[in-house]
Every structure is written in C-alpha cells, then in structure tokens.
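In: Can you look at this prediction? I've put the sequence above it.
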Amino acid sequence: MHEQVNPETIKDLASARLTIQMLLNLVEEVSSANEALRQEVQALRDEVNRAQRAPEGEQGKPNIKPSAKAEPAHSSEKERRVPKAWQKGEKRAKLVIHREEKLRVDKSQLPADAEFKGYEEVVVQDIRITPNNTCFIKEKYYSPSAEKSYLAPMPPGYEGEFGPGVRALIITLYHGSGMIEPKIGELLGHFELSISAGQISNLLIKELEPWHAEKQAVRDAGLSSTPWQHSDDTGTRVNGVNYHCHILCNPYYTAYFTRPNKNRLTIIHLLQGTEQLQLRLNGLTQVWFDAFNTPLWARQAMAQWPQALLLTPEALAALVQRDLSRLNDQQRARIWEAAALTAYYTQPGMPQIDILLTDDAPQFAHITPCHALCWVHEGRHYKKLLPVVPYHRQLLDTFLDDFWLFYHPLLAYRQQPQRLAAERLRTRFDQLFSTITGYHALDQRIAASKAKAANLLLVLDFPELPLHNNPAELGARQRVRKRTISLGPSTQEGLEAWDTFMTLAETAKKLGVNFFAYVFDRVSRSYSLPSLAHLILQRVALHPT
C-alpha cells in the first residue's frame, strides 16, 4: 500500500484525505503484523525453552487467563439483546409439600389481651438421604427328574449388587450434574454404601444398548420436529486423541455425536443416522457435481459406475482409485460428499431437513437446500477487529451500532412477517453492507457480510427461522464443561455413554422432564414415563414451532 503514497500527487484536499487514509490503513497492517510476529516469537521461545531445559522443568511463558469477570472480547450478546424487565420467579407454586406441621405459640409468654388471628405458612425445603439396603431371601427348588434348580427371580430393576436408586443416582450425578467418578464414590461413602471405582465406571458405561436406542429415537424425533436444525461442534479428547463433538438441536432436543473428524462427510453421515456411511449415484448427484465444480471428464467416467445402487465405502474407494486417480484430495472428497448427499436425500424412512442454521464454517455449506447463517456469529467477526488508530475504532463502533440496529427489526419481522417489510429490509441490508468507511479491514469485513446476504436474510423467506445459533453453542458449552471436569473418555464405550446421556439429559431439560426421575423409571424397569422421543412428537403436535 505504501508504494502508492507519493507526496507529489497531493494537489488538493481530496488527495490529502486519500493519502491519510492509506497511511492509517498501513499503520493498522503493520500493527497487526507486528502482533502476529510477537506471538509467534513468544511461541518459538517457549518451544526452545521446553526443548533445552526440559530436565529443569522449564515450561515457557505461562498462559494466564483473563479475569472471569472481564467481558469476553468477541461476545455479541450485549448488543443483540433487547432489554427486558426483570421479574422474580414464583418458587412456591412449583414445590410439592410432603408433610405439614402445625407450630403453636407458648401462650404463657403472651400478653393477656393477645387475640388469635389465624395462621401464617412458611415453606422450608429439605432433603433426606438414607441407605435402603435389602436382603432378598429367594425361594429355591430342586427337581430330581429335571436335574435342575429353580430360584425365585429378582424384582424388576434389581440387577447385580446395586438397586435402581443407586444406579439412577450415579448416572444423574455424573451425566446430569457434572460430578467426577471419585467424588461420586466419596459421596456414596458418606451414606455407608460400599461401592468401588470400577463398579461406578461399569454402571456408567456397560450394557447401555437400551439407552443408545433411546438416544437414536430422540435424534430421529428431533430431526423430524422442525424443517430447520441448529448445528455446531467443539473438541473432545478421546484416549488422548483429538476428536470433534457435533451438536444437532432445535427447541425440542439436543443430540451429541463425537467423531474423529469434523468435515462435511462426517456431518452428512450424522444426518443419515446409519452405522455405516451410505453412498449412491444417480441423476440427483449432478446437482452437487455442479456445486462442487467437478471436472467434466470425471463426470463422464462416473456415468459408467453403478447408478441408483447403494455403494459401500470400500466399493466407492476402489472406483475412485481406478478411474479418478488424477483428481487431487479435495476433488476426491467432493465426490464422496456428492455420493453421500445423494444417498441421504433418497434415503427412505429417515427425516430430512431443509435448512441448517450454523456459523460460516465451510463444512456446513451445500448439505441442505438452504443454509442459514448466525447473526451473532457474524457480529463477532467485527468484534475481532482490533484497530489501533482511534479514528478507525470510532468507525468500527459506529458500524457495529448500525449492524445491531438492523438486527432488531429482523427480530420484529419474525413476529409479524409481511412482504413489503421483507423488501424494505432487503434494501436496507444492501445499503448498510455497501458502506465504504476508508478503514480497509472494516470495509473488507463489510463486503464479506454482503456476500452472505442470501444466508443471513433467509429469515425473510422463513419467518419461523431463528436469527442466531445460540442453542447449538449452548449445547457445545455443556460439552466444554464436561471435558473441563472429566477431561475426556478413554474408551469407545465411554465415548458412546458421554454422547448418549448428554443427549438425554439436555433433551430432558428442554422438555421439562426430571432427569433423575426419567433415569430411575428406566433402570427400575417400570416404564411409567413416556419416552423423550414420544414427548418431542407430542410437543410438536400441540405447539408446532
């Protein structure tokens, strides 16, 4: 940029302003580059220190986190929210009274003229936790003719050494309340229960097939409950290896799926809901070949492959290696994605969604017919700009004010959608995101937002669509808290247990179901409570979104 600065060309005020703008932008670029280099140098110094002084315990510069009270630098929550009047909730109405005790005044302490004026109620909450060990004395018979013994069966829900109360409590404390296994054992020990760490672990991860089936039913009911779905992902360490936890959700459910990758093919497989990735080629595949700019010669070669049949991953890999070896890795990945999407949209008996609401990560594109983007996430891109020039900070603050002033009418439009209002909002969007401020980084960011107009304004065509992806981000936050406390599962069984019970716990919370009561109902084999999947479909029928 500085090559364009020539003092000889400054002939008037306009030329001077243009030159100053260029110099100020140069200051921003140099400052940004300097900060990046500073961080890189520090990282290299830390690495050198660790390599040279490892025996002495050198750890490099400590990573000191900001104060918990400090406002997050990139948060857009404060700006987007419309202030609401605070009201204290009524707790008494939600409480169940288990006993009443009438308290009397010591009349000997009363004045002679004291008159009885009725009663005043005070509700006190308390809890009682006591052991309830049972010795089952089982009848036993022996038949000499059959050479067989007959033993009275245990009541439903009693398996092994621990009854349904203990098993339900352990699951609730670990998956619903975020306690770690050693502390659960310590708590139970306070109430004179004798249980080992291994037994607690087994109760949490062994023989969970019915629970996994319930999770699958929740996923299917959730996907069929609305034509749009939220999605996001966050990291999870599995036996020391970096995996990715994917979240699918809407107002009725939240489901978790932890996989080795977070690419587009993984997300498609999650939507398919099958154990093995399904792949198919037919006329519909051409839609994605067009979107992915697949070379013509590769399309001609694939036209000779089996059409309309389900292909195994091994079969497709062999065909790609045989006929498409000239393609690079990225082009090959697009072939797999097109085949997986074709299988998904021709898959019988499985719910298929129309709109995916996410951030602007590339793996979410092209999966559904429509792709909506989160306005809150878009606002964070602007908060990540850190201008050092005061004038640029002023320009950024002014634009962010205008950004959220546009967002609030979109919220109002969702409540009362009208065609003329939609047209006005489209025009206003085009005007706002055509702004040229002279701050180069901000102008690039504004132009990037304008290029996403179709995704950011999808709500004008589908007013029921939320404007942000907060539900998925809140779901991801639950996994972050879980891994902060428990680090990560170390086995495949543990991983599946994490996903299943987090799905059931978060879905129960959304449906207003007591998670402990639900778990106890299942482990006791009473099945008096309806399944969460049934409740989702029931809720949709009564209150469609």
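Out: Arrived safely.
In: Wait, residue 24 touches residue 389, no?
Out: Yes. Shown here, residue 24 and residue 389 form a contact pair, counting by CB atoms under 8 Å, at 5.2 Å. In short, each C-beta sits where N, CA and C put it, glycine included.
In: Look at the two and report which has more neighbours.
Out: For residue 24 versus residue 389, neighbours defined as other CB atoms under 10 Å are more numerous around residue 24 (18 against 15).
In: for the helix or strand where the more buried one lies, what is the average pLDDT?
Out: Assessed by DSSP states H and E, residue 24 sits inside helix 13-53. Mean pLDDT, helix 13-53: 74.
In: How about stretch 272-290?
Out: For stretch 272-290, mean pLDDT rounds to 91.
In: hang on, the earlier thing: summarise which helices and strands the helix holding residue 24 is packed against.
Out: When contacts are defined as 3 or more CB pairs under 8 Å, 6 or more residues apart in numbering; DSSP states H and E, helix 13-53 sits against helix 390-415, helix 440-450.
In: Just want the angle from it to helix 390-415.
Out: Angle of helix 13-53 versus helix 390-415, following axes from the mean of the first three to the mean of the last three CA atoms, to 10 degrees, is 90 degrees.
In: Could you check how far helix 13-53 is from the centre of its chain?
Out: The chain centroid and the centroid of helix 13-53 are separated by 34 Å, computed with CA atoms, centre = their mean, to the nearest Å.
In: relative to helix 440-450, how tilted is it?
Out: Using the same axes, to 10 degrees, helix 13-53 lies at 90 degrees relative to helix 440-450.
In: that's a helix at residue 235, yeah?
Out: No. In this structure, residue 235 is strand, not part of a helix, as judged by DSSP: H, G, I helix; E, B strand; the rest coil.
In: bridging residues for it?
Out: Beta-bridge partners for residue 235, by DSSP bridges, are residue 244.
In: Would you map the helices across the stretch 351-500 of the chain?
Out: Secondary structure of the stretch 351-500 of the chain (DSSP state H, counting those that start in this stretch): helices located at 375-383, 390-415, 419-432, 440-450, 453-456, 470-486, 492-511.
In: who does the third one touch, helix- and strand-wise?
Out: Other elements packing on helix 419-432 under the criterion 3+ CB pairs under 8 Å, 6+ apart are helix 390-415, helix 453-456.
In: the helices in the stretch 51-200 of the chain, which residues?
Out: With DSSP H, counting those that start in this stretch, the ranges of helices along the stretch 51-200 of the chain come out as 77-80, 164-171, 181-190, 197-205.
In: wait, what's in contact with residue 269?
Out: 259, 277, 340 (CB atoms under 8 Å, 6 or more residues apart in numbering).
In: which residues sit against stretch 248-257?
Out: 215, 218-219, 221-223, 225-226, 228-231, 245-247, 270, 471-472, 475, 478-479, 498-499, 502-503, 506-507, 510-511, 532, 536, 539-540, 545.
In: and with 7 Å instead?
Out: 218-219, 222, 225-226, 229-231, 245-247, 270, 471-472, 475, 479, 499, 502-503, 506-507, 510-511, 536, 539-540, 545 (CB atoms under 7 Å, 6 or more residues apart in numbering).
In: what's the answer for stretch 129-136, then?
Out: Contact partners of stretch 129-136, identified using CB under 7 Å, 6+ apart, comprise 154, 165, 191-193.
In: ok now that stretch, how far from the chain's centre?
Out: Relative to its chain's centre, stretch 129-136 lies at 40 Å (CA atoms, centre = their mean).
In: Appreciated, that's everything.
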